[in-house]
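A.B. asks: Just a sequence and a predicted model for now, questions to come.
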Amino acid sequence: MTAQDPFNAHKIAVAPMMDWTDRHCRAFHRLLAPGAMLYSEMVTADAIIHGQRERLLGGAHVVAGDTRVVLQLGGSDPDRLAEAIHLAEPWGYAEYNLNVGCPSDRVQSGRFGACLMAEPELVARCIEAMITAAGDKPVTVKCRIGIDDMDPEEGLNRFAETVAGAGVRHFIIHARKAWLNGLSPKENRSIPPLDYDRVARLRDDFPHLGISINGGIATVEDAAAMADDFTGVMIGRAAYQHPYTLARMAAAIHGHDTKDRFETARAMADYAATAMADGTRLIAITRHMLGLMAGLPGARGWRRTLSEEARPDTASPELILHATDAVEAAVNSRTLAA
């Protein structure tokens, strides 16, 4: 980052996704996208205060010296959010993000997530406390363009203005409404229509703020174009389900060569060996890698090996190497035949 472009590190980010973006997923994504901002799964403030912090917060640095991992927090109590940041500091996260976008039942019942868009003054108080606790580390907000019957024009602008008044300088906007009454969390990821133009109008109305865009960005071309138009792009399901697309997006946006799939897979075998020495099961790592070989000869066998044969407690990192060799051999065989 530079003084002229303080948000450069956010040109491409991988969205926080519950049950998906754990430390092993982040290790995988870091290999594919060396310069991307990576996010933790959302962790509630109460979980950090009362729970097993090493399990919840460990893995901030997926590689030595990594300065691009963000801890996303859930909560609506300013004092507890501040305490959670103080407790999380030893793990060395680069930034803190407040979740005001998740429509999950689990977050509505706890009065955090997207339902907080209806309470911008409360969010502002949370942000003030978080910024004080975070010191010189940035605090950001991830939200939707609105919820339920909220007017996405007036409502989103009022939300942004109020929360920015508390000190936030960077918003990540999922370009859909969240319908908390009537749609399931899964339906909320696809049924509400995308409105990229609304996010663009917010960017234009608040030119002093960083505005990143999220939601439905699935192609390299779209990601690169939006990274030019906004502070940055945040990639969600496409990064997880089609991880090599993430590698191509990162290469296009940051201007480096696309990471090699086979080298990435073999590097993950090395990572697995280290992680498994601490008691991690292989399946906890390989479940994030199933889509890496999509589109190549042998991809079906790769998925089957990493999803089925990695389950036994006796499975070792050698399984990743054998599966990688099998796909590479299938690719070479087709190339020779052509």
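C.D. replies: In hand now; what should we look at?
A.B. asks: lowest confidence element among the helices and strands of the protein?
C.D. replies: When the helices and strands of the chain are compared on mean pLDDT, DSSP states H and E, helix 105-108 comes out lowest with a mean of 58.
A.B. asks: Now do the contacts for Val163.
C.D. replies: Pro120, Val123, Ala124, Ile127, Val141, Phe171 (C-beta atoms under 8 Å, 6 or more residues apart in numbering). Quick note: C-beta positions are derived from backbone N, CA and C, even for glycine.
A.B. asks: Now do the closest residue to the third one other than its chain neighbours against His256, distance only.
C.D. replies: It stands for Ala124. Leaving aside its sequence neighbours, Ala124 sits nearest to Ala166 (C-beta to C-beta, 6 or more residues apart in numbering; 3.9 Å). Distance from Ala166 to His256, counting by C-beta to C-beta, to the nearest Å: 36 Å.
A.B. asks: Name the residue in these two with the higher neighbour count.
C.D. replies: Ala166 (19 against 12; other C-beta atoms under 10 Å).
A.B. asks: per-residue confidence at that one?
C.D. replies: With respect to pLDDT, Ala166 scores 98.
A.B. asks: Would you confirm that it belongs to a strand?
C.D. replies: No - using DSSP: H, G, I helix; E, B strand; the rest coil, the assignment for Ala166 is coil, not a strand.
A.B. asks: Isn't it up against Ala129?
C.D. replies: No - with contact defined as C-beta atoms under 8 Å, Ala166 does not reach Ala129; the gap is 9.2 Å.
A.B. asks: pretty sure Met234 is in a helix, no?
C.D. replies: No - under three-state DSSP, Met234 sits outside any helix and is assigned strand.
A.B. asks: give the contact list for the nearest residue to it once chain neighbours are set aside.
C.D. replies: Take Met234 and drop its neighbours on the chain: the residue closest to it by C-beta to C-beta, 6+ apart is Asn214, 3.8 Å away. Counting by C-beta under 8 Å, 6+ apart, Asn214 makes contact with Ala15, Lys142, Ile172, Ile173, His174, Ala175, Val233, Met234, Ile235, Gly236.
A.B. asks: now those residues as JSON lines including neighbour count?
C.D. replies: Shown next, in JSON lines, are those (neighbours: other C-beta atoms under 10 Å):
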{"residue": "Ala15", "neighbour count": "24"}
{"residue": "Lys142", "neighbour count": "27"}
{"residue": "Ile172", "neighbour count": "29"}
{"residue": "Ile173", "neighbour count": "26"}
{"residue": "His174", "neighbour count": "27"}
{"residue": "Ala175", "neighbour count": "23"}
{"residue": "Val233", "neighbour count": "26"}
{"residue": "Met234", "neighbour count": "26"}
{"residue": "Ile235", "neighbour count": "24"}
{"residue": "Gly236", "neighbour count": "21"}
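A.B. asks: Which one of the residues you listed is nearest to Gly155?
C.D. replies: Ranked by distance to Gly155 (C-beta to C-beta), the contacts of Asn214 are led by Ile173 at 12.6 Å.
A.B. asks: give the contact list for that closest one.
C.D. replies: Per C-beta under 8 Å, 6+ apart, neighbours of Ile173: Lys142, Cys143, Arg144, Ile145, Leu156, Val199, Leu202, Ile211, Ser212, Ile213, Asn214.
A.B. asks: Show only the entries of these found in strands.
C.D. replies: When DSSP state E is applied, the contacts of Ile173 are split such that Lys142, Cys143, Arg144, Ile145, Ile211, Ser212, Ile213, Asn214 fall in strands.
A.B. asks: Is there a neighbour count for the nearest residue to Ala114 once chain neighbours are set aside? I'd like the number.
C.D. replies: Counting by C-beta to C-beta, 6+ apart, Ala114 lies nearest to Ala178, which is 4.0 Å off, once chain neighbours are set aside. Using other C-beta under 10 Å, Ala178 has 27 other residues around it.
A.B. asks: other SSEs contacting the lengthiest helix in the chain?
C.D. replies: In the chain, assigned by DSSP state H, the helix with the most residues is helix 318-337. Under the contact definition 3 or more C-beta pairs under 8 Å, 6 or more residues apart in numbering; DSSP states H and E, helix 318-337 sits against helix 261-276, helix 299-304.
A.B. asks: how about JSON lines for these, with mean pLDDT, mean neighbour count and distance to Gly113 added?
C.D. replies: Converted to JSON lines, those look like this (pLDDT from 0 to 100; neighbours: other C-beta atoms under 10 Å; distance: least, C-beta to C-beta, whole Å):
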{"stretch": "helix 261-276", "mean pLDDT": "97", "mean neighbour count": "18", "distance to Gly113": "30"}
{"stretch": "helix 299-304", "mean pLDDT": "98", "mean neighbour count": "16", "distance to Gly113": "32"}
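A.B. asks: If anything else comes up later, I'll come back, but that's it for now.
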